[in-house]
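[1] Let me see the structure of the following:
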Amino acid sequence: MRELRDESLSSWTTMGVGGPARRVVVAENTDELVDAIREVDDADEPLLVLSGGSNLMIGDEGFAGTVVRVASSGIRVESADRCGGVVVRVAAGECWDTFVRDAVAEGWAGVECLSGIPGLVGATPVQNVGAYGQDVSQTIWDVRVWDREDQCVRTIANADCAFTYRHSRFKGSSRYVVLDVSFQLDLADLSRPVAYADLARGLDCAPGERVPLSMAREAVLDQRRRRGMVVDRDDHDTWSCGSFFTNPVLSVAQFEALSQRVAERLGDQGGTPPRFESDGAVKTSAAWLIERAGFGKGYGLPGAASLSTKHVLALTNRGGASCADLIALAREIRDGVFDAFGVLLVNEPVLVGVQL
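    Prediction:
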């Protein structure tokens, strides 16, 4: 294991903010990862497990404890046949998009629409990462974790992961540390049915059609690049945590109240809020609400913290922003949407040392 002292955490996150950590331990395999966590727990020290840093904001004061950086690697095919597809186990420290790229090249279908998402594999089950009509709960077979409470390795089947929209049993709990994830993917040359309307338009196909895997991947990457959602250190629009707010999931009555507020505030020109049925509830668009509350692309410029010039869901560091700057902008947007429409937006990234 490598060990670093008083390391600035800003360089370990895609947002580029965060103060120093007293100690950073880099665990390069599963045994090192477990040993590092056990050592910190035995010493009763504060622990922060750091994955790819793409869904994380760390306060300017840093972290007064030990940060364990997940740097494990390895992809292993456990079974493969035409009927059951392929089951592949992936180490928590593998780059997610590299795994997706390799899956597409191997003819493994089921994650192609999750191309371009930054971060590491171990973080994907935590918030049930998803985009363009796919999420990892559709393909995860099981998740192997270190149980800090019982001090043992556990394998948790998909059905026991409590997956919901951008959530799982692992989110909001420090008990489990993901060691590796196994995925069950189709052996196929074509993608799973295209479920996202914008993506279907980009592919010039009808929703529900299948397209070659490589074509689906490139179309998703194109969509994400145009929205500033593929990390590029030369493009400040990508110095972000991706989508900062989750799409609100409302009851039918709450959605009707929202529609009434929109009509009263914006009149006939405001349109109607997007509506997607979701297990008896209604999901609507956070981006739609943000724009109509008066926060357009680039809001906050020329300040160091602003909305992306490509997508209003991304809060970005234009260079030199502090975590406090970005949190202040996030609060302004959250409060502005609530004042306008009575809907409380919830942050998607994990906040360490700060509160929204």
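
[2] List the buried residues for the host helix or strand of residue 99?
    Assessed by DSSP states H and E, residue 99 sits inside helix 96-106. For helix 96-106, the neighbour count (16 or more other Cβ atoms under 10 Å) marks 96, 97, 99, 100, 101, 103, 104, 106 as buried. Placement of C-beta: from N, CA and C, glycine included.

[3] Apart from its neighbours in sequence, what residue is nearest the last one?
    Translated: residue 106. Excluding its sequence neighbours, the residue lying closest to residue 106 (Cβ to Cβ, 6 or more residues apart in numbering) is residue 86, at 7.9 Å.

[4] Which stretches in the stretch 1-150 of the chain count as strands?
    Per DSSP state E, counting those that start in this stretch, the stretch 1-150 of the chain carries strands over the ranges 2-8, 20-27, 47-50, 56-58, 63-70, 75-81, 85-91, 108-109, 130-131, 134-135, 140-147.

[5] Tell me which of these approaches residue 288 most closely.
    strand 130-131 (17.1 Å; Cβ to Cβ).

[6] Each with direction, which strands does the closest one pair with?
    Neighbouring strands of strand 130-131 in its sheet, by DSSP bridges, are strand 134-135 (antiparallel).

[7] Show residues contacting the strand it pairs with.
    110, 111, 112, 113, 114, 128, 129, 163, 192, 195 (Cβ atoms under 8 Å, 6 or more residues apart in numbering).

[8] So for the longest strand along the chain, what gets flagged as buried?
    Using DSSP state E, we find that the single longest strand of the chain is strand 176-187. Applying a neighbour-count criterion of 16+ other Cβ under 10 Å, one finds 176, 177, 178, 179, 180, 181, 182, 183, 184, 185, 186 buried in strand 176-187.

[9] check contacts around the second one.
    Pointing back at residue 177 there. For residue 177, the contact set (Cβ under 8 Å, 6+ apart) comprises 33, 37, 49, 145, 146, 148.

[10] Neighbour count, distance to residue 317 and pLDDT added to the residues you listed, as TSV?
    Listed next are the contacts of residue 177 as TSV, based on neighbours: other Cβ atoms under 10 Å; distance: Cβ to Cβ, whole Å; pLDDT from 0 to 100:
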residue	neighbour count	distance to residue 317	pLDDT
33	29	29	97
37	20	30	97
49	23	23	96
145	24	32	98
146	21	32	98
148	18	32	97
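
[11] Closest to residue 341 out of these?
    Closest to residue 341, out of all of those and judged by Cβ to Cβ, is residue 49, at 35.9 Å.

[12] quick revisit: so the longest strand of the chain versus strand 75-81, what angle?
    Relative orientation of strand 176-187 and strand 75-81, computed by axes from the mean of the first three to the mean of the last three Cα atoms, to 10 degrees: 40 degrees.

[13] Output strand 176-187 as PDB, restricted to C-alpha atoms.
    What follows is strand 176-187, C-alpha atoms only, in PDB (Å, rounded to 0.1, in the frame of the first residue of the first chain):
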ATOM      1  CA  TYR A 176     -20.400  -1.800   3.500                       C
ATOM      2  CA  VAL A 177     -17.400  -1.200   1.300                       C
ATOM      3  CA  VAL A 178     -17.700  -2.600  -2.200                       C
ATOM      4  CA  LEU A 179     -14.900  -5.000  -3.100                       C
ATOM      5  CA  ASP A 180     -16.100  -6.100  -6.500                       C
ATOM      6  CA  VAL A 181     -19.300  -6.300  -8.600                       C
ATOM      7  CA  SER A 182     -20.500  -9.100 -10.900                       C
ATOM      8  CA  PHE A 183     -22.600  -8.300 -13.900                       C
ATOM      9  CA  GLN A 184     -24.800 -10.600 -16.000                       C
ATOM     10  CA  LEU A 185     -24.700  -9.300 -19.600                       C
ATOM     11  CA  ASP A 186     -26.200 -10.600 -22.900                       C
ATOM     12  CA  LEU A 187     -24.000 -12.200 -25.500                       C
END
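
[14] The helix or strand bottoming out on mean pLDDT in the chain packs against which elements?
    The weakest-scoring helix or strand in the chain, judged by mean pLDDT, DSSP states H and E, is strand 276-278 (a mean of 85). Under the contact criterion of 3 or more Cβ pairs under 8 Å, 6 or more residues apart in numbering; DSSP states H and E, strand 276-278 touches strand 281-283.

[15] Tell me which residues of the strand it packs on come out buried.
    Buried residues in strand 281-283 (16+ other Cβ under 10 Å): 282, 283.

[16] Output the contacting helices and strands for the next helix or strand after that strand.
    Scanning forward in sequence from strand 281-283 by DSSP H and E, the next helix or strand is helix 286-292. Packing contacts for helix 286-292, counted by 3+ Cβ pairs under 8 Å, 6+ apart, involve helix 252-266, helix 323-341.

[17] any idea of the pLDDT on residue 271?
    Reading off the confidence values, residue 271 has pLDDT 85.
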